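S.K.: sequence and computational prediction follow.
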Amino acid sequence: MRDTVIFFLLFSFSYGLDVTSGGVLSENQAAFDVRHYDIRLKVDPELKMISGYVDITFNVLSDMDGLEIDLVNDFNVSVAEVDGMSYPFQHKNNKLFIDALNLTPESLSTARIVYKGKPPIAEKPPWSGGFTWAESEDGYPWIAVSCQTNGAYIWYPCKEHPSDEPDSADIRITVPEPLSVAANGLLQSVDTAEPLWQTWHWKTRYNINTYNVNFTAGHFDLVERIVSILGHPLKMQFYVLKESRKGADLLLDQAETHLDFYSRIFGLYPWMDEKFGLVQTPYWGMEHQTINAYGNNYKNTDQGYDFLMFHEMGHEWWGNYLSASDWADFWIHEGFVVYAEAIYLEELFGIDAYHAFFKHRMRDKIPLAHPIVPHRNATMKENSGLDPYNKGAYVLHMLRYLIGGDALAGILKEFLSMEKKLPHNQVTTQDFIDLVHLRTSMDLNWFFKVYLYETALPVLNKNISHGSNHTFIEFHWENPDFKMPLEVKYSSNTGPRTKKLSLTNNPVIIPVAQYSDVKIDPMNWILLTISDPQ
């Protein structure tokens, strides 16, 4: 089943909308810091339209020509206000420019954007962004939003850049009765907005990525419980379609087990004061903070766990709590969660299961399409595909080979909890490298340079020559300054042997039994290309 999943992922990284998240931050957007989003929208499933307004509270950091907000051209903006005053604006090229020239540094202001329109429809959610207007088996609307790749500005006005997370958010969504709305944080109220319509008000008091601000509406049952995670109470909620109610309790049983695992390995679940939430979606899944999208239909792997739920839950640590400030470092979101799955299998089934994960599920499913850390100020589209996932996880696997499992486990846990240079627990790849160097007292720049910042794998040169009593095999790395130690398994004149070679650009020769060969890297620790003229 997992191979099918990986193929589907690889096939599905295509994007219908010609917009994306991240990139170079403009001077105007760098001049303010968003503190809060208050989203108030009416969602009309019959018209496939949304309407309402969003209040954006922000700090002015430096002088700016005006307020620059991201919002796709699909919407019609009728009013743009700052601190209660209307201002002229232009809406073009998916940007909203408000001529609010009285903004002064160190001030706190609120912009209100009133708009309506038909949001983009997701062609292949969640990899292509937009709304999914579906219907449950009982005939009720089932509405979902996905926007990680294309950015949250495909449905609400915002500063669409990973470096700026609001400190908190309110989400008020009005839908026809009897639909329910599941969103981030804690439910504040459900009010009758007008006859036959209800407004669901959710609020998160934590900082949150713009793409993680999300809602799903449907004719749901609510399955909930209070559980103990490492001795701390946590509310668990699952908004599930009525036709899928059977199986919900077993899924929450799994979720409790997975929450305990992640909390032991990486630290307590970050949002204990709010909830761990799941909502059934008409697309596969996404890690929306405290309300993970779930569309895996209770399918377990051959090892007996729900891969989709496990993966998205892992992002509550890697991606939601700890976040990249630049999509160049997206591998920290994805590769670290994939690696977590490997150590989960190790805990369940032992070290052989851990190695099998990388040998059979990862090794041949790395496209090598681009470096997993491309240029700085990358967009999400520029760092798409499976490389940040699978090669990213393999980087941690190889790092474990170099420094040991216990050392890596300690570094990963500290990376989450340590004081950061950037706000909102945001990090860069260099932060991780610096921590590895600090805790190991090793210079591993040669390793990170090749595996993070280059596309091609390192080349191992192998040459064979024959003597009167032995065959001689010569190895050396082609890449300058590369010094990955290499395990080889071979037959000698005294029997089978396994040897770990300290290997650099200088040739190392080992004698083996006459006309026999060697097995290179028998445990599949290393990603490499073998150049063998024989």
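M.R.: Alright, I've got the coordinates.
S.K.: show me the strands in the stretch 401-534 of the chain, by range?
M.R.: Assigned by DSSP state E, counting those that start in this stretch, the strands in the stretch 401-534 of the chain fall at 426-427, 459-466, 470-477, 486-492, 495-501, 508-513, 518-520, 529-531.
S.K.: contact partners of stretch 497-506?
M.R.: With C-beta atoms under 8 Å, 6 or more residues apart in numbering as the test, stretch 497-506 has contacts from 460, 475-491, 508, 510, 522. C-beta: built from backbone N, CA, C; applies to glycine.
S.K.: wait, stretch 427-447
M.R.: Residues from elsewhere that reach stretch 427-447, judged by C-beta under 8 Å, 6+ apart: 322-326, 328-329, 331-332, 373, 398-399, 402-403, 407, 410-411, 414-415, 418, 420-422, 448, 452, 481-484.
S.K.: what residue in this structure is the furthest from its centre?
M.R.: Relative to the centre of the chain, the most outlying C-alpha is that of S468, 56.8 Å out, by C-alpha atoms, centre = their mean.
S.K.: buried deepest among the strands of the stretch 401-534 of the chain, which one?
M.R.: strand 426-427 (a mean of 21; mean count of other C-beta atoms under 10 Å).
S.K.: quick one: mean pLDDT for that one?
M.R.: Per-residue pLDDT over strand 426-427 has a mean of 98.
S.K.: output the below-cut-off pLDDT ranges for the stretch 201-350 of the chain.
M.R.: Of all residues in the stretch 201-350 of the chain, none has pLDDT under 70.
S.K.: what's the span of stretch 19-35, first residue to last?
M.R.: End-to-end distance for stretch 19-35: 24 Å, by C-alpha to C-alpha, to the nearest Å.
S.K.: which of the residues in it are buried?
M.R.: Across stretch 19-35, burial judged by 16 or more other C-beta atoms under 10 Å covers 19-23, 25, 28-35.
S.K.: with respect to F89, which of the residues you listed is nearest?
M.R.: Relative to F89, the closest of those is N28; by C-beta to C-beta it sits at 13.2 Å.
S.K.: contacting residues for the residue nearest to the closest one when sequence neighbours are not counted?
M.R.: Closest residue in space to N28, ignoring its immediate chain neighbours: E68 at 4.0 Å, by C-beta to C-beta, 6 or more residues apart in numbering. In this structure, E68 makes contact with S26, N28, Q29, K95, L96, F97, I98, judged by C-beta under 8 Å, 6+ apart.
S.K.: specify which member of the residues you listed is nearest to A248.
M.R.: L96 (40.9 Å).
S.K.: kindly state the beta-bridge partners for the closest one.
M.R.: Assessed by DSSP bridges, L96 has beta-bridge partners I69, H91.
S.K.: that one: how many residues sit nearby?
M.R.: 25 (other C-beta atoms under 10 Å).
S.K.: and the gap between it and W284?
M.R.: Distance, L96 to W284, using C-beta to C-beta, to the nearest Å: 32 Å.
S.K.: go on, K365?
M.R.: Using C-beta to C-beta, K365 is found at 17 Å from W284.
S.K.: how about stretch 350-370: buried residues?
M.R.: Y354, H355, A356, F357, F358, R361, M362, K365, I366, L368, H370.
S.K.: in a strand, the first one, correct?
M.R.: Read it as Y354. No: the assignment for Y354, made by DSSP: H, G, I helix; E, B strand; the rest coil, is helix rather than a strand.
S.K.: and for it, nearest residue in space, chain neighbours not counted?
M.R.: Spatially, and ignoring its direct neighbours in sequence, Y354 is nearest to E346 (3.7 Å; C-beta to C-beta, 6+ apart).
S.K.: so that neighbour, which of the three states?
M.R.: Assignment for E346 (three-state DSSP): helix.
S.K.: now it: how far from A340?
M.R.: Between E346 and A340 the computed distance is 10 Å (C-beta to C-beta).
S.K.: how many neighbours does F415 have?
M.R.: Here the number of neighbours of F415 (other C-beta under 10 Å) works out to 20.
S.K.: what do you get for M380?
M.R.: 21.
S.K.: and the residue lying closest to it once chain neighbours are set aside, how far is that from G314?
M.R.: Excluding the flanking residues, the one nearest M380 by C-beta to C-beta, 6+ apart is S21, at 4.5 Å. S21 sits 21 Å away from G314, going by C-beta to C-beta.
S.K.: for the nearest residue to D387 once chain neighbours are set aside, list the residues it contacts.
M.R.: With sequence-adjacent residues excluded and distances taken as C-beta to C-beta, 6+ apart, D387 is closest to I372, at 4.9 Å. Contact analysis of I372 by C-beta under 8 Å, 6+ apart lists W331, G335, N383, D387, P388, K391, G392, V395, Y451, L452.
S.K.: tell me the secondary structure at Q29.
M.R.: Assigned with three-state DSSP, Q29 falls in the helix class.
S.K.: ok, it to N207 distance?
M.R.: 18 Å.
S.K.: then K124?
M.R.: As judged by C-beta to C-beta, K124 and N207 stand 29 Å apart.
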